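Asks: Quick one, what's the 3D model for this:
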Amino acid sequence: CRVPESTPEELEAATAAAAAAFPAWRDTPVQQRQRVFFKLQALIRENTENIAMSIVREQGKTLPDARGDVFRGLEVVEASCNTAAMIMGETVNNIGSGLDCYSYRQPLGVTAGICPFNFPAMIPLWIFPVAAATGNTVVMKPSERDPGAAMLLSELAKEAGLPDGVLNVVHGTHDTVDFLCTDERIKTVSFVGGDAAGRHVFDLGTRHNKKVQANLGAKNHVTILPDADKDATLNAIVGAAFGAAGQRCMALSHAIFVAETKEWIPELAERARKLKVSAGHVDGADLGPLISPQALHRAESLIGAGVEAGGTLVLDGRGVEVPDFPKGNFLGPTILADLDAANPAYTNEIFGPVLGCTAVDTLDEAIAFTNANPYGNGCAVFTSSGAAARKYQQEVDVGQVGVNVPIPVPLPTFSFSGSRRSVIGGHYFYGKKGAEFFTQVKTITSNWKYTDTHAKVSGVMPTMK
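Replies: Sure thing, here's the model as predicted:
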């Protein structure tokens, strides 16, 4: 299918509609805004299968994985039903004689969201429910590769009672992104995607005086200790490395085997070899295609470069045959061992079903190897030792840590807290930190003395007495 690119006139109309809708939506009591999202979460549950099938058709995920995409976004909608608790201000009573000081968190105005292809439902639901529930209006650009889920969600939001102009969907690529980053009516930009685009959005948006939250690339490490449950660990790694064809910003893309666990690599490869590669709608498919021929070519090229640089090809998924879909962008599970920190298969985010492996002797070496990588989105350790797990979570310099959990994406009672080069701007998505991003603090100092003590005019700097 082809996606129309929004014209300059359409971008203007969407932003003008958002600006016009803001005053009334801002003044709508927070509990009434929350009720819209109570209705929206119910509608998403009722329509999960339809949204998931849109993801399967456009993005290629397997149907069970697409359902998970919708559900993890739905959890953010549920959390948005408790927005009032996340935007409470602070107060200090009687800071001076008859004086009180208190603060509010108030919405900013028009906000923008720029979404990636790999989570067509979840990422839009990270953005517009939090922005709108806190009183803002939204102009959202889904990925041009798979916008169907975002369109379905926007229709459900309208059905739930979101007023006209509060959520506006636009389409396009570079020109649309640049418009969202420069239009003076837009106060914030939320972005999830690759490094180059993310840095462009951050630089352009901040130059135009916008708050920008941006999640960029990743290289997520898993450390395997000898006392780990072998079966549970290998199964978890296979699912987290190769699920969604590796097209997750939190996919496990590099495994660090400590001491004798390097002997587990052949068995890991055997389990990965059994995964079924096919179109997402096919029953029993474990992973579908990559998003485009270009993505497939890039991943295959990096596998080749990794081998040329000294990596050992334990499992080669290039050229996998899927008879019913000979023109599909398929890459089978691939495992590259003996990767050092300079190998191009390690230094690049491949964004495909490719797992790199490195063997070390100690936990300290594993932590040091992880910390030397510039990215800090997520990591995991598999162990049965509480002491080892605590040492790992204390010393590893990564924003989201899993202990016997392969993909530690926090539930929206917390916030998505990737760190270092994986995040730019220091603003987190969803949860309390997400609500703070979409609001600004207003502090009021109030003087309601019962008797008038200002008998004469004074030019002295006021102090609290």
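Asks: Moving C-terminal from the helix or strand hosting Q394, which element do we reach first?
Replies: Assigned by DSSP states H and E, Q394 falls within helix 386-395. Next helix or strand after helix 386-395 toward the C-terminus (DSSP H and E): strand 401-403.
Asks: neighbouring strands for that next one, and are they parallel or not?
Replies: The strands beside strand 401-403 in its sheet (DSSP bridges) come out as strand 379-382 (parallel).
Asks: how far does the partner strand sit from the chain's center?
Replies: Mean-position distance between strand 379-382 and its chain equals 19 Å (CA atoms, centre = their mean, to the nearest Å).
Asks: Could you measure from L204 over to D364?
Replies: Distance of L204 to D364, given as CB to CB, to the nearest Å: 41 Å. From N, CA and C alone the C-beta is placed, and that goes for glycine too.
Asks: Who has more neighbours out of these two?
Replies: Per other CB atoms under 10 Å, whichever of L204 and D364 has more neighbours is L204, with 17 against 12.
Asks: you'd agree the more buried one is up against F179?
Replies: No: using CB atoms under 8 Å, L204 makes no contact with F179, being 10.4 Å away.
Asks: Show me what the helix holding Q394 is packed against.
Replies: The helices and strands touching helix 386-395, judged by 3 or more CB pairs under 8 Å, 6 or more residues apart in numbering; DSSP states H and E, are helix 363-372, strand 379-382, strand 401-403.
Asks: Show residues contacting the second one.
Replies: Here strand 379-382 makes contact (CB atoms under 8 Å, 6 or more residues apart in numbering) with 220-225, 228-229, 232-233, 236, 240, 252, 370, 388-389, 392-393, 396, 398, 400-408.
Asks: how about a cut-off of 6 Å?
Replies: 220-224, 228, 233, 370, 392, 396, 398, 401-404, 406 (CB atoms under 6 Å, 6 or more residues apart in numbering).
Asks: quick one: average confidence on that strand?
Replies: The average pLDDT within strand 379-382 is 98.
Asks: Ok, the longest one next?
Replies: For helix 363-372, the mean per-residue pLDDT is 98.
Asks: Would you mind listing the buried residues in it?
Replies: Across helix 363-372, burial judged by 16 or more other CB atoms under 10 Å covers 363, 365-367, 369-371.
Asks: now that helix: how far from the chain's centre is it?
Replies: That offset, for helix 363-372, works out to 25 Å (CA atoms, centre = their mean).
Asks: just stretch 164-183 next, same as before
Replies: On CA atoms, centre = their mean, the centre of stretch 164-183 falls 19 Å from the chain's centre.
Asks: How about stretch 274-288?
Replies: 24 Å.
Asks: quick check: mean pLDDT across that stretch?
Replies: For stretch 274-288, mean pLDDT rounds to 96.
Asks: Compute the first-to-last residue distance for that stretch.
Replies: By CA to CA, to the nearest Å, the extent of stretch 274-288 from end to end equals 14 Å.
Asks: For it, buried residues please.
Replies: When burial is assessed from 16+ other CB under 10 Å, stretch 274-288 yields the following buried residues: 275, 277-280, 282, 285-288.
Asks: And stretch 390-410, by the same measure?
Replies: Across stretch 390-410, burial judged by 16+ other CB under 10 Å covers 391-392, 396, 398-402, 406-410.
Asks: Of those, which pair is most distant in space?
Replies: Largest separation among the buried residues of stretch 390-410 by CB to CB: K391 and V409, giving 23.0 Å.
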